[in-house]
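Asks: Have a look at this prediction, sequence included:
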Amino acid sequence: MDAGIVYLIGAGPGDPGLITVRGREALMRAEVVLYDRLGTGALMHLVRPDAERIDVGKAPEQEAMSQDDTTALLVRLGREGKVVARLKGGDPFVFGRGAEEAEALVRAGVRVVVVPGITSAIGAPSAAGIPVTYRGLATAFTVVTGHEDPAKDAEQNDWDLLAALPHTLVVLMGMGRLQAITERLIAAGRPADQPAAAIQWGTTPRQRTVVATLATLAVRVAQEGLGNPAILVFGDVVSRQPGLATAGAGPLAGRTVVVTRARAQVSGLGGALEALGARVIEMPVIRIAPIDSSPGITAALADVGAYDLIVLTSANGVDALAGLMAARGRDARALRPDQVVVAVGPGTAAALAGHGIRADVVPARFVGEGVLEALAGVSVDGRRVLIARARDARTVIADGLRERGAVVDDVAVYATVAESPPPGVIDDALGADIITFTSASTVANTMAVLDPDQRARLATGPRVISIGPVTSDALRDAGLDVTGEATDSDIPGLVRAILAATGLPQA
């Protein structure tokens, strides 16, 4: 079998939006993903549903897989002809063992593509408002690992030389030896009152920064309770911190919000929440599975231009229908100019626009009943109607139009399939401040993956926010109290409901 390809991808310093476009594309192509502990979890929604995911992360005193075993696995997968993504926090060649993995792959005849990433050595200070260089203060910066023990007899770091350098010193993986590092630098001549900083979870909503001096930083860090992962910055540049809003600032700073949507849909809601400072936990309990064929689909697509009205009940339905049409060599040109296209809400209308189709009707209420209200003045008697929806979705639109004499083809073009999140994610989610539900299926599948004790924790734990009345009914049927419900059943409306439920001004 021909050798495959391994992408060594830098995930960036923590914020999932800081992965490069090239890195994102490579991750989406991969058949197998080997991922590290830091800076990678929030990118898993980009991975193909059928891709194999392997945790090879390392943490202090523990590792999911040894480095030798990780390298051997990469070689084996490459030789098997697989498209592999090796996802690393930061940049793969900055203290990431990426060069060692690349060398082994090249020796084995496996093609390697390195996709650089933003290293936390630069990204975290920037997010905290600390420039690593500054005219007149620091014309250079040095990045070292603090993982070596400064007290041992032999190490690669020359702390005497590092102390004598007049520019910025950035130390990665040094929190466990912070006291020893600062004492060693002071003993070697670095000024004890030189500005210093520790930045934890840089570039993420959990970011925290402690600014002190070289002599007092260890004490301040202990007082503030900072821990790993964090980087250290020593130098006069720390004093130039201009008071920029940090990554964790915003009305939802300090709050954790759970998103239960499908992985492919997480980014819109998750990005909006992170922009407001929230820490987002992705706990997808469903995935979207297009239905490739059925008698109803075959009949509907045979002459889609013959329908007088086409009703789309979700953005997923739009994408599924467009995919089915494309598979049969058809696109928006198959529709008649006089056809009436109905979108259940603005999100669905936007999805239609993405496929070159304008929604003629968008109801004021983004639910099935709202569609019927919006069509109340439209004569449907004897007219042909196509409804493209999810399997097991409510039939309220089809029933209402049939009562008015319409000839309705109510066709399921996709299904929501249950997905089980890892146990660690579930435990983390149950300790969150807020959990969001965007459909009745997310409610049903969340309850299905929880054991009785976890359901009890959910009932008394996070505040429950619903995207609309149908979802709220499903939550109450499941025995959960609904803290807040979106007035508009879309993502902006859900965000406003979260802010209202937490007593914050609505955006």
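Replies: Thanks, I have the structure now.

Asks: which secondary structure elements does the strand or helix carrying Asp319 contact?
Replies: Secondary structure from DSSP states H and E places Asp319 in helix 315-327. Other helices and strands packing on helix 315-327, by 3 or more Cβ pairs under 8 Å, 6 or more residues apart in numbering; DSSP states H and E, are strand 286-290, helix 295-302, helix 346-354, strand 384-390, strand 407-418. Yep, even glycine has a C-beta here, placed from its N, CA and C like the rest.

Asks: If we use 6 Å, what do you get?
Replies: Using 3 or more Cβ pairs under 6 Å, 6 or more residues apart in numbering; DSSP states H and E as the contact criterion, the elements in contact with helix 315-327 are strand 286-290, helix 346-354, strand 384-390, strand 407-418.

Asks: Just the pLDDT for Asp158.
Replies: Looking at Asp158, its pLDDT is 89.

Asks: Now for it: which residues touch it?
Replies: Applying Cβ atoms under 6 Å, 6 or more residues apart in numbering, we find Asp158 in contact with no residue.

Asks: any weak-confidence spans in the stretch 301-450 of the chain?
Replies: Judged against pLDDT under 70, the low-scoring parts of the stretch 301-450 of the chain cover residues 423.

Asks: should've said the stretch 1-150 of the chain
Replies: Low-confidence regions of the stretch 1-150 of the chain, defined here as pLDDT under 70, cover residues 1-3, 39, 58-64, 148-150.

Asks: if we can go back for a sec, who touches the helix or strand following the helix holding Asp319?
Replies: Toward the C-terminal end, the helix or strand that comes next after helix 315-327 (DSSP H and E) is strand 340-343. Surrounding strand 340-343, the residues in contact under the criterion Cβ under 6 Å, 6+ apart are 309-312, 349, 352, 359-362.

Asks: Measure how buried Leu137 is and give me the count.
Replies: A count of neighbours around Leu137, defined by other Cβ atoms under 10 Å, yields 16.

Asks: And for the one 4 residues further on?
Replies: When neighbours are counted by other Cβ under 10 Å, Phe141 registers 19.

Asks: same thing with Ala128?
Replies: Taking other Cβ under 10 Å as the neighbour definition, Ala128 ends up with a count of 26.

Asks: and if you look at Asp160?
Replies: There are 13 residues near Asp160, going by other Cβ under 10 Å.

Asks: one step back: any idea how far the helix holding Asp319 is from the chain center?
Replies: Here the centre of mass of C-alpha atoms in helix 315-327, compared against the chain's by Cα atoms, centre = their mean, to the nearest Å, lies 24 Å away.

Asks: now swap in stretch 284-297 and tell me
Replies: Stretch 284-297 sits 23 Å away from the centroid of its parent chain (Cα atoms, centre = their mean).

Asks: chain center to stretch 273-292: distance?
Replies: Average the C-alpha atoms of stretch 273-292, do the same for its chain, and the two points are 7 Å apart (Cα atoms, centre = their mean).

Asks: same check, this time on stretch 97-110
Replies: Shown here is stretch 97-110, whose average C-alpha point lies 29 Å from the average C-alpha point of the whole chain (Cα atoms, centre = their mean).

Asks: No more questions from me, cheers.
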